[in-house]
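how does the following fold in three dimensions:
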Amino acid sequence: MKNNKVIILGLIAVLLIAIGLTLIFYVSSTFKINGENPITISYKTDYKDKGATFKNIFGDFTKRIKTYNYVKTDKIGDYKVDYYAKFAGIKIHKSRLVSVADKNSPVITFSGGDLLKVCPNKTYNMDDFTAIDDVDGDLTDNVKVYKEEDKMVYSVSDKSGNSTVIHRDYFLGDNENPVIELKGESLISLSIGEKYFEQGYTVTDNCFDLRDKVVVTDNIDNTKAGSYAVTYSVTDDSGNTTKIERTVNVKPSTTEKKPSAADNPGTPGVIYFTFDDGPSGSGSTAKILDTLKKYNIKATFFVTGSGPDDLIKREYEEGHKIAAHTYTHDYSKVYSSVDGYFNDLNLVNARIKKITGTETNIIRFPGGSNNTVSNKYNKGIMNTLTKEVTARGYIYFDWNVDASDAFNCAKKTVKDKETCVYKNVIGGLSKKKTNVVLMHDIKGYSANVLEKIIIYALDNGYSFQTISENTKQIKFK
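Residues are numbered from 1 along each chain as shown. A predicted model of the protein is given here:
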């Protein structure tokens, strides 16, 4: 009985000591959360927890704290960060409340700039802006737009109540001049008696369609040497006027033009890509244009009466030279007689002018200017044609680098046509001569290999130009 009392007293003593230690532990311990609690942060911002500290009479035990961070900043809501401190088998818990909230207002952006300009012939469609919120996404359809004196007011709120209100200056009218850009060269040289071919222009205006309102006048007298002006003028319906000029110098026929590196294909290391027989609606012409655009290279397209008009228009608008090849490409008609040739040439020239609004005097004979092809249909006719086209103001161009994409490489026995074209072109290039390259944009394999040819040429220091009226001829005859 006495032993039981001793045991009981011992247990009570241990319990009292444990309780005492616990009281000392709690009374002497400092468990503190650093920074704000609770805390609100913006949606999708970085949250860096400042942690907690834990000390007591036995020392600093902050490093023993275990932290559990449940905060997700990419989702609106309330989250906890739990901290657990443990000493002598006793665990203490504290937590921080973190609220992720939408604190940012939507952003309104104007595609037309901060000043709203409304043309006098149009109404404001209220469609030149976007409103984006970092939580709710696209709120453009929720924007309220109204006029307030001389300003337009745009207001929008997101689901969290964040609002944006913008007052935008408003101008009803048109005080901007039209813009005319010349196609081709701004300075052209002609010999006495040489016909002037208009190279065309583009016109744009912020309010009006002026494509048919440009007035082109010239005082060119190609029978007398001198400097002449071709004037392009246009006035929009608000009275804004633009006027620019192209200079045409007519030189005596005895005066030889000294070619420059910019316009002379006799300059070594220059490549003139020329494409015959197009355009093609099968995709090859479009692919060639895409490749040339990628490398900012301009080429010369000798077009026919076939293929889509919009491809010729694209060639022209992207700065390539549009030249005449043949309308029918039917040798029996083209070379039937001098009249037969010019009837065909007039048809393709009419097509070019209809699509681009310009004329061209750059031509290429179907099959070239030698008698190899034409002799089969009318022996000796090429001797007459080369003289006649020159007399009528045309300049014909042949080639000195042949891709053979319409001849040898086109044969059924040639399995790898792309490699065939590639080897023919790079094998014919030389840094010691001009390089007028004949290719056909109706050939898919030529379109496929064009980029590889360009890369080779660029890597080896070649440059690229288009054929112009001032270019020295490359001709067989």
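
from F273, how far off is G226?
35 Å (Cβ to Cβ, to the nearest Å). Glycine gets a C-beta too; all of them are placed from N, C-alpha and C.

name the residue in those two with the higher neighbour count.
Comparing G226 with F273 by other Cβ atoms under 10 Å, the one with more neighbours is F273, at 29 against 13.

which pLDDT value belongs to the more buried one?
Looking at F273, its pLDDT reads 98.

wait, it sits on L438?
No: with contact defined as Cβ atoms under 8 Å, F273 does not reach L438; the gap is 9.3 Å.

so what sits against both of these two?
Shared contacts of F273 and L438, defined by Cβ atoms under 8 Å, 6 or more residues apart in numbering, are absent.

residues in contact with stretch 399-414?
274, 276-277, 368, 417, 420-421, 424-425, 428-429, 433-440, 443, 445-446, 474.

contacting residues for T304?
Counting by Cβ under 8 Å, 6+ apart, T304 makes contact with 277-278, 325-329, 348.

between those, which is nearest K243?
K243 lies nearest to V348 out of these, by Cβ to Cβ, at 32.8 Å.

tell me the domain boundaries of the protein?
Per automatic domain parsing, the structural domains of the chain span 28-101, 107-172, 179-251, 270-464.

now the two most distant members of the contacts of T304.
Top of the distance list for the contacts of T304 (Cβ to Cβ): G278 and T328, 14.5 Å.

lowest average confidence across helices and strands of the chain, where is it?
Lowest on mean pLDDT, DSSP states H and E among the helices and strands of the chain sits helix 2-28, with a mean of 65.

name the surrounding residues that touch the very next helix or strand once past it.
Going down the chain from helix 2-28, the next helix or strand is strand 30-33, by DSSP states H and E. Strand 30-33 has contacts (Cβ under 8 Å, 6+ apart) with 52-56, 83, 85, 92, 94, 96.

what comes up buried for the host helix or strand of T202?
Element membership for T202, per DSSP H and E: strand 201-204. Buried residues in strand 201-204, counting neighbours by 16 or more other Cβ atoms under 10 Å, are found at 201, 203.

the very next helix or strand once past it pairs with which strands?
For strand 201-204, the following helix or strand on the C-terminal side (DSSP H and E) is strand 215-218. Paired strands of strand 215-218, with direction, are strand 226-235 (antiparallel) (DSSP bridges).

which residues touch the strand it pairs with?
Contact with strand 226-235 is made by 178, 180, 182, 196, 198, 201, 203, 210, 213-221, 241-250, as judged by Cβ under 8 Å, 6+ apart.

that one: which residues count as buried?
For strand 226-235, by 16+ other Cβ under 10 Å, it's 228, 230, 232-235.

helices and strands around the very next helix or strand once past it, which ones?
Elements were assigned by DSSP H and E; along the chain past strand 226-235, the next helix or strand is strand 241-251. Judged by 3 or more Cβ pairs under 8 Å, 6 or more residues apart in numbering; DSSP states H and E, the packing partners of strand 241-251 are strand 179-182, strand 187-191, strand 226-235.

name the nearest residue to G193, sequence neighbours excluded.
N222 (6.1 Å; Cβ to Cβ, 6 or more residues apart in numbering).

tally of neighbours for that neighbour?
Around N222 there are 17 residues (other Cβ under 10 Å).

quick one, what contacts it?
Here N222 is in contact with 190, 192-196, 250 (Cβ under 8 Å, 6+ apart).

repeat that for T328.
Neighbours of T328 in contact, by Cβ under 8 Å, 6+ apart: 304-305, 334, 344, 347.

so which of the residues you listed wins on neighbours?
Of those, with other Cβ under 10 Å as the count, V334 tops at 26 neighbours.

got a list of what that residue touches?
Neighbours of V334 in contact, by Cβ under 8 Å, 6+ apart: 326, 328, 340-341, 344, 366, 377.

the residue nearest to it when sequence neighbours are not counted in helix, strand or coil?
Nearest residue to V334, sequence neighbours excluded (Cβ to Cβ, 6+ apart): D344, at 5.0 Å. Three-state call for D344 (DSSP: H, G, I helix; E, B strand; the rest coil): helix.

quick check, D344 in contact with T326.
Yes: if you go by Cβ under 8 Å, D344 and T326 touch, sitting 5.6 Å apart.

just give me the neighbour total for the closest residue to T356 other than its chain neighbours.
Spatially, and ignoring its direct neighbours in sequence, T356 is nearest to Y316 (4.5 Å; Cβ to Cβ, 6+ apart). As a burial measure, Y316 scores 21 neighbours (other Cβ under 10 Å).

name the surrounding residues that touch whichever helix or strand Y316 is part of.
Here Y316 sits within helix 309-317, counting by DSSP H and E. Helix 309-317 has contacts (Cβ under 8 Å, 6+ apart) with 183, 200, 202, 278-281, 285-286, 289, 301, 303, 322, 351-352, 354-356, 358.

assumed N424 was part of a helix.
Yes: under three-state DSSP, N424 sits within a helix.

gap between it and I453?
The gap separating N424 from I453 is 10 Å, by Cβ to Cβ.

one more: L182?
Distance from L182 to I453, by Cβ to Cβ: 30 Å.

so the two - more neighbours on which side?
For L182 versus I453, the count of surrounding residues by other Cβ under 10 Å is larger for I453: 23 against 15.

does the more buried one count as helix, strand or coil?
Going by three-state DSSP: I453 is helix.

which residues touch it?
By Cβ under 8 Å, 6+ apart, the neighbours of I453 are 421-422, 425-426.

show me where the stretch 251-400 of the chain has strands.
270-278, 300-304, 321-326, 362-363, 395-396 (DSSP state E, counting those that start in this stretch).

export those as JSON lines, with columns for distance to P120.
Converted to JSON lines, these look like this (distance: least, Cβ to Cβ, whole Å):
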{"stretch": "strand 270-278", "distance to P120": "43"}
{"stretch": "strand 300-304", "distance to P120": "40"}
{"stretch": "strand 321-326", "distance to P120": "37"}
{"stretch": "strand 362-363", "distance to P120": "43"}
{"stretch": "strand 395-396", "distance to P120": "47"}
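
to G173, which of the ones you listed lies closest?
strand 321-326 (38.4 Å).

helices or strands up against that closest one?
strand 300-304, helix 309-317, helix 338-356, strand 362-363.

ok, L345 touching I363?
Yes: using Cβ under 8 Å, L345 is in contact with I363, at 6.8 Å.

joint contacts of those two?
In contact with both L345 and I363: A324, using Cβ under 8 Å, 6+ apart.

hang on, the earlier thing: select only the buried ones of the contacts of I453 in PyMOL?
Of these, the buried ones go into a single PyMOL selection, burial set by 16+ other Cβ under 10 Å:
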select buried, resi 421+422+425
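
pick the one among the contacts of I453 closest to D150.
Distances from D150 to the contacts of I453, taken by Cβ to Cβ, are shortest for V425, at 62.8 Å.

wait, the closest one touches S446, no?
No: taking Cβ under 8 Å as the definition, V425 is not a contact partner of S446, at 9.3 Å.

hey, what's in contact with both of these two?
In terms of Cβ under 8 Å, 6+ apart, V425 and S446 are both contacted by the residues 403, 439.

relative to strand 270-278, how tilted is the one helix or strand A447 maps to?
In the assignment (DSSP H and E), A447 maps to helix 444-459. Taking axes from the mean of the first three to the mean of the last three Cα atoms, to 10 degrees, one finds helix 444-459 and strand 270-278 inclined to each other by 170 degrees.
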